[in-house]
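Enquirer: generate a structure from the sequence data that follows.
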Amino acid sequence: AVVSTQSTGNLRMRVWIFSMLVALATSQLVNNNVNRVVDLTTQIAKITSEVEVENTGASVVNVYEVVIDPSALKHLSYVAVSEHGQELHVVKTADGVYEAALSSALSTGGKTSLVVLTTFTHSLEPYPRSINQPDNQLVRFHNNAYYYSSYNTVEQFSKFNLGSSKIESFTPRSPSNKESQTVKYGPYSNIPAKTSAKVTIHFENNSPFLTIRSLKRLVEVSHWGNIAVEEHYQLSHTGAKLKSQFSRLDFQRNPIGAPTAVKSFRTVLPASSKNVYYRDDIGNISTSNLRETDDANELEIRPRFPLFGGWQTKYYIGYSVPSYEMLSHNGPNYKLEFPFVDHSYDNLVIDDAEIRVILPEGAHGFEVVYPNYEITREADEITKTYLDTFGRPVLVFSAKNLEENHIKNIEIYYKFNSLMLLQEPLLVVIAFMVIFATVIIFVRLDFSIAVDENKEARQRVAFLVEELFNIVGKIKSNVSDETVELLSAVKTKKDAKLFKNVKKEVDSLYKTLTDEASALTKKIVGLSPSLADKVAEFNRREGDRRSILSSISALAEKVLSDKVSKTTCVEQENNLLSKLFAAQSAIEDSLAAL
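Expert: Just a heads-up that it's a prediction; the model follows:
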């Protein structure tokens, strides 16, 4: 017990000494001058701070600590630090605390210039929260008049760019002033570390307040030359809610009269993207427009209805890109590189993103290189699609609170045996071989226990009936239909010579076909005497058709010799055609009985 207490005391002492050393190191740096610009022209608050840093301590400093004001921490989306135009490596050490590794160590008296970029989402509060359709949107922004830092600041100045000259109010803090579309605070001198001076600016902001509540992105990799991408969006307008009922009539008359409505937006796709589609649960949305440029393809997305505050829509887009755009390899080692999120629209905000990467079956040995922001890798999954045997690996990633600065590449390294490419073609070949072999065995082999002596006779009868079907079909098309058309031709143009020639050809063909049919029926009766009654029924009905066709020819002859009136001709024709249709149906029924 005594040893345990001593060990705990030693550990606490070491932690205290380390904390003191860190505090001593951080206290060596001083912000000589800070010029802070806060961009509030969109729904994202972008703060760019140009900082002149000096090491006033006795030891060398390698890192610069960036601290986020606790009141704004929940809205923080992105942190970046650059030195002389070169982006530095930034590491999160605690909530709201980041360390940027300087490009070179800062010795005593050394100075350098840094640019600290921080962005905040959902930090502009619509006020009032609800507005009418034609109203402008007013927002409030709460911030610090000072540059919040771990170090003392000698002099600083802040400028808030609002993008609108309509400024309802702002918190006065001497010296401060309003000029056109900006509010300025400072300069202020000798500000201690981590000092806050809360200010609020109330102004007009009609920029689109679109937020992707949920993005589910699917990237399916194929080594056959194609990568398919599909993105599912749940999009909300997070601006001031529409107070009154939406008036379609007023909107159609004056679309400009609804300044906060979002009618369309632009999604940027890779320049090599093809087979692009834009759909929702109802189906394809035809109001979209794709414009191709050298650098990218721009998809204009126009929802089925304009989006007002509090409204939302769901849709998904998809496209394909050639594999060489994102995939490279050296032997069995493959590298997949693609943007974690894409440019869905200008000044995008994504609350929750889930990226699923489906790799080819047989891929293994995964290594991931992440961009410089927080991404969570979820548990890997397995999915099976067509021609898969043990399934394709699925890598799942998630991230929250993203914006345009997060459009950076993620790299996935894996191993894949190229012989696995032959798996799917071989499966197809084997499947067809099995099907063909099964059919051959089923057709060629006789699995019956007893020999059926009448089987061959039934097969021959079936063949003869099939030939009889063909002959009946020829009689209908080449005899019956031609006879009816001949009557129509005679009614239109009374040409006795044409009638005589055509009738002769039709009668000759009819005799040939009926003789062939008669020969077939005799063979059928010879092979299967039990079908004699059905054959006789077929012959009787064929005789009925012959009689009707003769009556039609006789009516045509009367028309030629003007022995029948037009009215009587029409009545007789309709009657004969009705009988002919019934006779032909009866013939088909008798054949079906055979």
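
Enquirer: quick one: contacts of the helix or strand harbouring residue 465?
Expert: In this structure, residue 465 sits in helix 455-475 according to DSSP states H and E. Contacts to helix 455-475, defined as C-beta atoms under 8 Å, 6 or more residues apart in numbering, come from residues 510, 513-514, 516-517, 520-521, 523-524, 527-528, 531, 545, 587-588, 591, 594. Placement of C-beta: from N, CA and C, glycine included.

Enquirer: start to end distance for stretch 220-240?
Expert: 38 Å (C-alpha to C-alpha, to the nearest Å).

Enquirer: run through who's touching stretch 237-253.
Expert: 43, 122, 126-135, 137-138, 208-211, 257-258, 260-262, 306-312, 349.

Enquirer: mind listing what the residue lying closest to residue 393 once chain neighbours are set aside touches?
Expert: Distances taken as C-beta to C-beta, 6 or more residues apart in numbering put residue 359 closest to residue 393, at 5.1 Å, once the chain neighbours are dropped. Residue 359 is in contact with 221, 336, 392, 393, 394, 395, 412, 414, 416, counting by C-beta under 8 Å, 6+ apart.

Enquirer: before we move on, the earlier item: report the buried residues of the helix holding residue 465.
Expert: Across helix 455-475, burial judged by 16 or more other C-beta atoms under 10 Å covers 461, 464, 465, 468, 471, 472, 474, 475.

Enquirer: again, but for stretch 331-345
Expert: 334, 336, 338, 339, 340, 341, 342, 344, 345.

Enquirer: on that earlier part again, quick check: mean pLDDT of the helix holding residue 465?
Expert: Across helix 455-475, the average pLDDT comes to 84.

Enquirer: of the contacts of stretch 237-253, which belong to helices?
Expert: Among the contacts of stretch 237-253, no member falls in helices (DSSP state H).

Enquirer: got a PyMOL select line for the buried ones in those?
Expert: Buried subset of these, written as a PyMOL selection, criterion 16+ other C-beta under 10 Å:
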select buried, resi 43+122+126+131+133+135+137+138+208+209+210+211+258+260+261+262+306+307+308+309+311+349
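
Enquirer: show me where the stretch 201-350 of the chain has strands.
Expert: Ranges of strands within the stretch 201-350 of the chain are 210-222, 226-237, 241-242, 265-270, 274-279, 289-292, 296-301, 312-322, 327-330, 333-339, 349-358, based on DSSP state E, counting those that start in this stretch.

Enquirer: which residues of this protein score low on pLDDT?
Expert: Filtered on pLDDT under 70, the chain yields the residue ranges 1-27, 446-453.

Enquirer: if you set the cut-off to 90 instead, what comes out?
Expert: Counting by pLDDT under 90, the ranges of the chain that qualify are 1-28, 57-58, 224-225, 243-258, 280-288, 293-294, 304-305, 384-391, 417-428, 440-594.

Enquirer: in the longest helix along the chain, which residues are buried?
Expert: Ranked by residue count, the top helix of the chain under DSSP H comes out as helix 496-527. Neighbour-count burial for helix 496-527, counted by 16+ other C-beta under 10 Å, picks out 499, 502-503, 506, 510, 513-514, 516-517, 520-521, 524-525, 527.
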